[in-house]
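# fold the following for me, if possible:
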Amino acid sequence: MDLSPNRIFACVLMVYELWEVALASSIAAKVRWIFEAKDGTSAVIQTFLSRILILGVNLFTGMVTARLLGPEGRGAMTVISLWPGFIAYCCTLGMPSATIYCLRNYSEMASELFSAAMIITAVLGAIAGAIGAIGIPHWISAAKYSPDTIFWAQVFMATAPFSLLALVSGAALEAVGDFSAANKQKFVVPLSTFAILVSLYLSGNLTPPTAAFAYVISALVCLVTAAPDLGRAFGWCWPRSILPFRRLLNHGVRIYGIDLLNTMSGQLGQVLVAGLLSPINLGYYNLTMNLSRNLGTIQGSLVSVLFPKLVGRPMAEIQKLTEFAAKVSFYALSLVSIPVVLLASFLLTGLYGKDFDAATVIFQILVVESILSCLVWLLTQVFIALGKPLLITVLQSIGLVVTVALMVVLAPSMGLTGAGLALLCSTVLRLVLSMGCFPWVLKISPPNLIWRRRDWQQLKQRLSRSKQPA
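Below is the predicted model of the structure:
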């Protein structure tokens, strides 16, 4: 045996090269496993990473509009861009949830169901656009907002169909497990918005109306980029009968109350602030609301994967999945939110400028509310999956009534702080009612949010799947 130094060095070098190749292959396999997102764990990781990227882009976008337009300009931009999405999402007729439900339960007619969903959605979007164009002058006070602002808010209602179509197409991709395409679609929206804003700034054309245009037109960009993925997943065909329409509308009408109330609870605050307070306060509220909602990245990643997986599963399994997801999202959000609340003033002034230091208190309130709201939304998935959407509709209605009543009372007297407290009180009430419905309606104990040793073991087991790429 040749044991010369050259021979030994050659053997060591060969072993090192083999190890390097194996390591590179392992890393590539894990990256491929995440990007393919063929199982629940990889889908959560991919969705989480994509939303982290989205969060980063949204932060830069908020910085551009806040620093260049100021609080009042940001408020005018919000009024213009708020209505197309708000009114469109009020007119969904439950199509996003109905699309998920029907595609998972009637996969043999996926192409027809998808085409029918897009046809129904386009019609609903056109109706939403007409409602907004006619109603906006009556909803926006001419004493607070200029005629130019009201005019552009009406014009941009033409983009309402694109907002709805983008929403339903994303739900369809998630329903068939194509989370890679769905996440790409979600990332295109803030990226295109940011790119348009930068172009407007560099060309010297950045104003509240043009900035609003950058936000509302992103839905159309999203649809165009998603078209190849949608074509591969479903194809395009005209439904041969009314059956796909009937199935979608049957489930959609049942779930519509929840979709409507979720939209109202998520954006009604901005609508009320627009009517009750000044444009500057609306600018503060919109910016802090968007920033606080970015903390829902973890919860949003879990829900987007969890909800499709819950449909059709046994009660015990649904309860176990939901409890685990609730614990992970609640503690993860809480750990991230503690330093955010403590450093709120520094964070706002550092990102958006000294003019936004006045929004510190409302931001802290909205961060706490965001954590609880994420938890409420996740818990409601159990009732939706078990075919009890009416119950959640009732609970959401109670919360919405409380929000409106408290905001009308507190906002005029306490300003933004009152608006934030109204939203927080409503969310706490919804959480208490949701927890109480588990033993009252389902006859099971509510999710236990106390973290135990077995939860660490379960988390490790789920993450260990990364060692076995699909």
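# how about Ser203, phi and psi?
Backbone dihedrals for Ser203, given as degrees, to the nearest 10, come out at phi -90, psi 0.
# got any ranges where the stretch 51-200 of the chain has weak pLDDT?
Judged by pLDDT under 70, the stretch 51-200 of the chain has its weakly predicted residues at 51-52, 54-55, 141-143, 179.
# ranges for the helices of it?
If you assign secondary structure with DSSP state H, counting those that start in this stretch, the helices in the stretch 51-200 of the chain sit at 95-105, 110-139, 147-155, 160-175, 179-202.
# dump those to a markdown table, plus distance to Phe356 and mean neighbour count.
All C-beta atoms are positioned from the backbone trio N, CA, C, and that covers glycine. Compiled in a markdown table, the helices of the stretch 51-200 of the chain are given as follows (distance: least, C-beta to C-beta, whole Å; neighbours: other C-beta atoms under 10 Å):
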| stretch | distance to Phe356 | mean neighbour count |
| --- | --- | --- |
| helix 95-105 | 33 | 24 |
| helix 110-139 | 26 | 19 |
| helix 147-155 | 21 | 18 |
| helix 160-175 | 27 | 25 |
| helix 179-202 | 18 | 20 |
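# export those to CSV and tack on distance to Ser345?
Output for the helices of the stretch 51-200 of the chain, formatted as CSV (distance: least, C-beta to C-beta, whole Å):
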stretch, distance to Ser345
helix 95-105, 37
helix 110-139, 33
helix 147-155, 30
helix 160-175, 34
helix 179-202, 25
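# quick one, which of the ones you listed gets closest to Val432.
With respect to Val432, and counting by C-beta to C-beta, the nearest of the helices of the stretch 51-200 of the chain is helix 95-105 at 24.4 Å.
# and Pro446, which of the helices of the stretch 51-200 of the chain is closest to it?
Each of those has some distance to Pro446 by C-beta to C-beta; the shortest is helix 95-105, at 22.9 Å.
# okay, the angle between that closest one and helix 110-139?
Per axes from the mean of the first three to the mean of the last three C-alpha atoms, to 10 degrees, the angle that helix 95-105 makes with helix 110-139 is 170 degrees.
# give me the helices and strands touching helix 95-105, please.
The contact analysis (3 or more C-beta pairs under 8 Å, 6 or more residues apart in numbering; DSSP states H and E) places helix 95-105 against helix 110-139, helix 160-175, helix 243-276, helix 297-310.
# any chance of those in CSV, plus distance to Arg67?
Compiled in CSV, these are given as follows (distance: least, C-beta to C-beta, whole Å):
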stretch, distance to Arg67
helix 110-139, 28
helix 160-175, 27
helix 243-276, 21
helix 297-310, 23
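# which one of the ones you listed lies nearest to Trp451?
Of all the helices and strands packed on helix 95-105, it is helix 297-310 that lies closest to Trp451, at 15.0 Å by C-beta to C-beta.
# after the closest one, which helix or strand is next?
The helix or strand immediately downstream of helix 297-310 is helix 315-342, counting by DSSP states H and E.
# what's next to stretch 445-459, contact-wise?
Defining contact as C-beta atoms under 8 Å, 6 or more residues apart in numbering, one finds that stretch 445-459 is touched by 319, 322-324, 326-328, 330-331, 379, 435-436, 438-439.
# so for Gly73, which of the helices and strands packed on helix 95-105 sits nearest?
Ranking those by their distance to Gly73 (criterion: C-beta to C-beta) puts helix 243-276 first, at 14.7 Å.
# show the average pLDDT along the closest one.
Model confidence over helix 243-276, given as mean pLDDT, is 81.
# so which bits of that helix are buried?
Residues 244-245, 247-249, 251-252, 254-265, 267-274, 276 are the ones in helix 243-276 that count as buried (16 or more other C-beta atoms under 10 Å).
# then stretch 59-78?
Applying 16+ other C-beta under 10 Å to stretch 59-78 flags 59, 61-66, 68-78 as buried.
# how far off centre is it?
Once both centres are worked out by C-alpha atoms, centre = their mean, to the nearest Å, stretch 59-78 turns out to sit 21 Å from its chain's centre.
# in PDB, could you pull the C-alpha coordinates for that stretch?
Output of stretch 59-78 as PDB, limited to C-alpha atoms (Å, rounded to 0.1, in the frame of the first residue of the first chain):
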ATOM      1  CA  LEU A  59     -42.000  48.200   4.500                       C
ATOM      2  CA  PHE A  60     -40.000  49.800   1.700                       C
ATOM      3  CA  THR A  61     -43.300  50.800  -0.100                       C
ATOM      4  CA  GLY A  62     -44.700  52.300   3.100                       C
ATOM      5  CA  MET A  63     -41.400  54.200   3.600                       C
ATOM      6  CA  VAL A  64     -41.600  55.700   0.100                       C
ATOM      7  CA  THR A  65     -45.200  56.900   0.400                       C
ATOM      8  CA  ALA A  66     -44.900  58.100   4.000                       C
ATOM      9  CA  ARG A  67     -41.700  60.100   3.500                       C
ATOM     10  CA  LEU A  68     -42.600  61.600   0.200                       C
ATOM     11  CA  LEU A  69     -46.300  62.300   0.700                       C
ATOM     12  CA  GLY A  70     -46.400  63.000   4.400                       C
ATOM     13  CA  PRO A  71     -49.300  62.100   6.700                       C
ATOM     14  CA  GLU A  72     -51.900  64.200   4.900                       C
ATOM     15  CA  GLY A  73     -50.800  63.000   1.400                       C
ATOM     16  CA  ARG A  74     -50.800  59.400   2.700                       C
ATOM     17  CA  GLY A  75     -54.300  60.000   3.900                       C
ATOM     18  CA  ALA A  76     -55.500  61.200   0.500                       C
ATOM     19  CA  MET A  77     -53.800  58.300  -1.200                       C
ATOM     20  CA  THR A  78     -55.500  55.900   1.200                       C
END
